[in-house]
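**Q** Build me a structure from this.
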Amino acid sequence: MTYPKEKQDVARKKYIGGLSLAATAKIIKVPYETLRAWKKKCLEAGDDWDRARSAILVSGNGIDEINKSLIEQISRNMLATIAEIENGKINPVLKVELLTSISDAYSKFARSFSRVNPEFNRLGVALEVIKLVIEVLKIEAPKLLPEFERYLDIVGAEVTKKYTK
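**A** Below is the predicted model of the structure:
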């Protein structure tokens, strides 16, 4: 089926604005494969929809807002999980293991994210140090783990204050 040029223009605008190809296809009532073909044909003609989409995304404060939102979401989820661990009737050694696991996940996120946002790297390094301390205590002084666990919230708050703007 042949569609008017205006339909392709609307598709391009919606995709560049942030909709997925699938969502765009549904909204403008065009088969997904047709939309893919339009996108490919435009690319061959020098109109890269993905590059235009990225330019829109990073223009102004776009990428900073996305980064901030991502960090906030991950931090909120981590804090909620930590609260559940702390409020649950869990063996102190298991609590520390669970907190170590969360710290490890956050450290991996921090490492990945710091490649895109170097400012975030300092916080990642601080969290790696906390993880290292926990690992050393597990081996060298496991009886100290429950006592150390009592101070993780305080340390976490201080790390956050010191290494975030």
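**Q** contacts and neighbour counts: CA atoms only from here.
**A** Fine.
**Q** which residues are in contact with stretch 22-35?
**A** Taking C-alpha atoms under 8 Å, 6 or more residues apart in numbering as the criterion, the residues outside stretch 22-35 that touch it are 7-8, 10-11, 14-15, 21.
**Q** What average pLDDT does that stretch get?
**A** When the per-residue pLDDT values of stretch 22-35 are averaged, the result is 91.
**Q** Would you tell me what helix or strand the most centrally placed residue in the chain is located in?
**A** Averaging the C-alpha coordinates of the chain gives a centre point, and the residue nearest to it by C-alpha atoms, centre = their mean is Leu70 (4.5 Å). In this structure, Leu70 sits in helix 62-87 according to DSSP states H and E.
**Q** which of the residues in stretch 94-107 are buried?
**A** For stretch 94-107, the buried set under the neighbour-count rule, 16 or more other C-alpha atoms under 10 Å, comprises 95-100, 102-104, 106-107.
**Q** And stretch 44-56, by the same measure?
**A** Under the neighbour-count rule (16+ other C-alpha under 10 Å), stretch 44-56 has 49, 53 buried.
**Q** average pLDDT for that stretch?
**A** For stretch 44-56, the per-residue pLDDT values average out at 82.
**Q** Need the CA coordinates for that stretch. PDB is fine.
**A** Listed in PDB are the C-alpha atoms of stretch 44-56, where the atom choice follows Å, rounded to 0.1, in the frame of the first residue of the first chain:
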ATOM      1  CA  GLU A  44      20.300   5.600   2.500                       C
ATOM      2  CA  ALA A  45      19.300   9.100   1.400                       C
ATOM      3  CA  GLY A  46      21.300  10.700   4.200                       C
ATOM      4  CA  ASP A  47      18.500  11.200   6.800                       C
ATOM      5  CA  ASP A  48      19.600   9.200   9.800                       C
ATOM      6  CA  TRP A  49      16.500   9.000  12.100                       C
ATOM      7  CA  ASP A  50      18.600   7.500  15.000                       C
ATOM      8  CA  ARG A  51      21.200  10.300  14.800                       C
ATOM      9  CA  ALA A  52      18.400  12.900  14.800                       C
ATOM     10  CA  ARG A  53      16.800  11.200  17.700                       C
ATOM     11  CA  SER A  54      20.100  11.200  19.700                       C
ATOM     12  CA  ALA A  55      20.600  14.900  18.900                       C
ATOM     13  CA  ILE A  56      17.200  15.700  20.300                       C
END
